[in-house]
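# sequence plus the predicted model coming up.
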Amino acid sequence: MRPIMVAGNWKMHGLSADAQHLTQSILDAGLEPTVPEVVLFPPFTLLHTVSQVAKGTALRWGGQNLFWENQGAYTGEISGSMLRDMGCRYVLVGHSERRQLFGETDAVVLRKAQAALHTGLIPVICVGETGDERQEGKTNAVLRRQIEALTPVLEHQGGGHQPHLVLAYEPVWAIGTGLTATPEQAEEAHAFIRSLVAEHTPALAKKLLILYGGSVKANNAAALFAAEDIDGGLVGGASLQAGEFIQICRAAHSVGRGV
Ligand SMILES: O=C(CO)COP(=O)(O)O
C-alpha cells in the first residue's frame, strides 16, 4: 500500500508572522505524526521560519523551485544544496505557474529534477494539461509528452524502497479556479500517468506517489483521496488557512494508508 501525502504550496504568500502562525497551528492540531506525510512549501524567505518552528517534528518542508547549478554567478537563483541547508527534504519542480509564467520547458523541468535528486532532495514534479488542451482532447497526449520527458529520472528509480520522487497531477484549469477535477476525472488521469510510468519502470509505477492538485478543499479532499491512484494532495489556496488545511490532512488520515 502506498503512503499518503498532503503538501501545502503557499506560492508567493506570507510574511514571517504568518508562517510562524500557520506552521504552529498545524503542529498544534496534533495530527498523527506520519499519516499523512505533511509537507509545507513556503516561499524561500520563509523557509527559515518554518524550519525553526517545525524542526524535530514529523512536519516536512521544501522549496517551490530550484536552479540546476549548485553555485555561481546566477543572480536571484537558489540551488538544491541551499535548500538542503535550510533543512528541506522536498522541492517542487515544473509547477504549471513556472511552466506558463516563467517559460520552463520539459527540458528545464528534467534538468531541475536531476539537480534535485543529485543534491538529495525529493522532487515533486508537476504535470497537467490546460483547459484548452482538455477541450481539444489532448489531455493524454500532453501528459505523455510531460512524463516521457522525465524518462532519464524515472529510469533511475524503482529499486527496493520508497522512490525518491513524487509526481503531482495538476490540471491547469483547476488551479485557483474553484473548478476541481471530479474524483473520476482525476483518477482517470492518475491511472493514465501510472500506466505511462509502468511502460518504462514497472517497479516504480506501483510505488510512486501521484498527488492531485487543483482546488483541493476540506469538502472535496476525502472523495479525491479515496480514489485508487490518488496518493494525496498538493494544496494551494486552502493551505493558507490553517483550519482548512488541517481538515484536508484529517481527510487523508481517514483514508488509512500508513507509511
Ligand atoms: O497549484 C496548486 C498547488 O500547487 C493548486 O492551487 P489551488 O489549490 O489554489 O487550486
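Nice, I can see it.
# phi first, then psi, for the closest residue to residue 74 other than its chain neighbours.
Distance criterion C-beta to C-beta, 6 or more residues apart in numbering; nearest residue to residue 74, sequence neighbours excluded, is residue 67 at 5.7 Å. Bear in mind the C-beta positions are built from the backbone N, C-alpha and C, glycine included. With angles defined as degrees, to the nearest 10, residue 67 sits at phi -100, psi 160.
# right, and residue 67 touches residue 77 too?
Yes: the criterion here is C-beta atoms under 8 Å, and residue 67 meets it with residue 77 at 3.7 Å.
# which one of these two is surrounded by more residues?
The neighbour count for residue 67 versus residue 77, taken as other C-beta atoms under 10 Å, is higher for residue 67 (18 against 14).
# and that one, what does it touch?
74, 77-79, 112, 115 (C-beta atoms under 8 Å, 6 or more residues apart in numbering).
# filter those residues by proximity to the ligand?
Checked against the ligand using C-beta under 6 Å from any ligand atom, the contacts of residue 67 yield no neighbours at all.
# out of the residues you listed, which are inside helices?
Taking DSSP state H as the definition of helices, the contacts of residue 67 contribute 112, 115.
# are any of the contacts of residue 67 buried, and which?
78-79, 112, 115 (16 or more other C-beta atoms under 10 Å).
# could you dump the contacts of residue 67 to JSON lines with pLDDT?
Listed next are the contacts of residue 67 as JSON lines, based on pLDDT from 0 to 100:
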{"residue": "74", "pLDDT": "98"}
{"residue": "77", "pLDDT": "98"}
{"residue": "78", "pLDDT": "98"}
{"residue": "79", "pLDDT": "98"}
{"residue": "112", "pLDDT": "98"}
{"residue": "115", "pLDDT": "98"}
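# from the contacts of residue 67, pick the one nearest residue 125.
residue 112 (8.6 Å; C-beta to C-beta).
# find the nearest non-adjacent residue to that closest one, please.
Nearest one to residue 112, counting by C-beta to C-beta, 6+ apart, is residue 93 at 4.7 Å.
# number of residues surrounding that neighbour?
31.
# pairing-wise in the sheet, spell out the partners of it.
The partner list for residue 93 in beta bridges (DSSP bridges) reads residue 125.
# tell me the pLDDT of it.
For residue 93, the model assigns a pLDDT of 98.
# my guess is it contacts residue 66, does it?
Yes: counting by C-beta under 8 Å, residue 93 sits close enough to residue 66 to count as a contact (7.4 Å).
# what do the two both touch?
Common neighbours of residue 93 and residue 66 (criterion: C-beta under 8 Å, 6+ apart): 112, 116.
# so how many other residues sit close to the closest residue in space to residue 239 that isn't next to it in sequence?
The shortest distance from residue 239 to any non-neighbouring residue, by C-beta to C-beta, 6+ apart, is to residue 8 (2.9 Å). By other C-beta under 10 Å, 28 other residues sit near residue 8.
# would you map the strands across the stretch 151-259 of the chain?
Per DSSP state E, counting those that start in this stretch, the stretch 151-259 of the chain carries strands over the ranges 166-169, 209-213, 232-235.
# which one of those has the most crowded surroundings?
Burial of these is given as mean neighbour count (mean count of other C-beta atoms under 10 Å); strand 232-235 ranks first at a mean of 30.
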